[in-house]
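J.: Here is a sequence together with a model predicted from it:
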Amino acid sequence: MAVQESVPQMTMAKLTGDEVRKVATLANLRFDDAELEKMTGTLAQILGHIDMLKKLDTGNVPPTSHALQSENVFRADEHTNNFKTELTLDNAPAKDRNYFSVPRIIE
């Protein structure tokens with residue numbers, strides 16, 4: 001794998017089985033011994049990646065709230081007459097002047 005070869009070697013964070021067991025208890029998870037050992041290694045790798053990221057110089061990187069630049073894609077609210085009143089009301093089962101007439105539902 002070429003991608004993994006280009007990743008610098010990281011040191012494994014020191015993590016004990018008791019620490020993983022405590023976090024698992026707090027998260028209401030249960031592991032047998034084999035799963036606990038595997039999870040300890042996996043979490044140690046994750047913490048190693050975080051340690052590697054902490055070493056990056058981000059002094060010249062502006063803070064962002066999103067990874068991609070985004071702009072307002074909504075149009076301005078403008079009043080338009082999309083429908084011709086007389087054509088629209090021609091399809092109405094009942095009308096009163098320039099409005100739809102509907103049965104009363106609240107007394």
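T.: Cool, the structure landed.
J.: Quick check on the most centrally placed residue in the chain: phi, psi?
T.: By C-alpha atoms, centre = their mean, the mean C-alpha position of the chain lies nearest to His66, the distance being 10.5 Å. Main-chain dihedrals, His66, degrees, to the nearest 10: phi -150, psi 150.
J.: Compute the distance between it and Leu53, please.
T.: Separation of His66 from Leu53 (C-beta to C-beta, to the nearest Å) stands at 19 Å. Heads up, the C-betas are built off the backbone N, CA and C, glycines and all.
J.: before we move on, what about Thr88?
T.: Per C-beta to C-beta, Thr88 is found 59 Å from Leu53.
J.: any idea of the mean pLDDT for the longest helix seen in the chain?
T.: When the chain is parsed with DSSP state H, its longest helix is helix 33-54. Helix 33-54 comes out with an average pLDDT of 91.
J.: tell me what it is packed against?
T.: helix 17-26 (3 or more C-beta pairs under 8 Å, 6 or more residues apart in numbering; DSSP states H and E).
J.: Mind listing what's buried along the helix it packs on?
T.: The neighbour-count check on helix 17-26 (16 or more other C-beta atoms under 10 Å) flags 20-21, 24 as buried.
J.: So Thr88 and Leu53 - more neighbours on which side?
T.: Shown here are Thr88 and Leu53; by other C-beta atoms under 10 Å, Thr88 has more neighbours (13 against 10).
J.: and which of the buried residues of helix 17-26 is nearest to Asn98?
T.: Ala24 (68.0 Å; C-beta to C-beta).
J.: For that closest one, which non-adjacent residue is closest in space?
T.: Leaving aside its chain neighbours, Ala24 sits nearest to Phe31 (5.8 Å; criterion: C-beta to C-beta, 6 or more residues apart in numbering).
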